[in-house]
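Asker: give me a model of this one.
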Amino acid sequence: MSKRRKKGNTPNIPQATLDRAREQAGLPVEEPIDEAEEVEVEEAPKPRAAAAVSSKNKSATRSAASSRRSKKAPSATQIDMRKRRGELDTDTVEAALAHPVRFPTEEDLHAEYGFVLRDLRNMFLLAGVLMVIMIAVASFL
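Answerer: Numbering: from 1, shown residues only. Reported below is the predicted structural model:
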């Protein structure tokens, strides 16, 4: 029996189709990257002369390094993950605040959709009358 091949991360769909689908979904279209972008690197502070290395210093160094990592700007994949999880960005929040949603009251709904209730009532009445007529006709025949 042959072994199953592991599929890579490459989709079977052409890139143009993926881009069009992302546009329709409202996600940013990924443009192909020709060259790597240059990133400015901050210089790390010069370490002090270490007299003795202790476990407290190691944990402090690790926590400082992790805090430096967390201060970096989010990458494009992290932004996409936020959108998938439903986290709101500033533009979405500003748009929601600029155009608040009005929740209608029950009276508003009755005024606007009262005709639906009248039509349903008339249909049930008509169905009841027709059922009585059908039963009456069936009993005579």
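
Asker: now Thr17: which helix or strand?
Answerer: Assigned by DSSP states H and E, Thr17 belongs to helix 15-25.

Asker: what do you get for Arg121?
Answerer: Per DSSP H and E: helix 106-140 holds Arg121.

Asker: which neighbouring elements make contact with the helix holding Thr17?
Answerer: Packing partners of helix 15-25 (3 or more C-beta pairs under 8 Å, 6 or more residues apart in numbering; DSSP states H and E): none among the helices and strands. C-betas here are computed from N, CA, C, even on glycine.

Asker: retrieve the pLDDT associated with the spatially closest residue to Glu112 that is not a sequence neighbour.
Answerer: Once flanking residues are discounted, Glu112 sits nearest to Pro104: 7.6 Å by C-beta to C-beta, 6 or more residues apart in numbering. Per-residue confidence (pLDDT) for Pro104: 88.

Asker: phi and psi next, for Pro104.
Answerer: phi -70, psi 150 (degrees, to the nearest 10).

Asker: okay, now Val41: neighbour count?
Answerer: 6 (other C-beta atoms under 10 Å).

Asker: quick one: mean pLDDT for stretch 132-141?
Answerer: Stretch 132-141 comes out at a mean pLDDT of 95.

Asker: an error on my part: the question was meant for stretch 121-129.
Answerer: On average, stretch 121-129 scores 98.

Asker: again with stretch 22-31
Answerer: 77.

Asker: any idea how far Ala111 is from Phe103?
Answerer: According to C-beta to C-beta, to the nearest Å, Ala111 and Phe103 sit 15 Å apart.

Asker: those two: which is more packed in?
Answerer: Neighbour tally, Ala111 and Phe103, criterion other C-beta under 10 Å: the higher count belongs to Ala111, 10 against 6.
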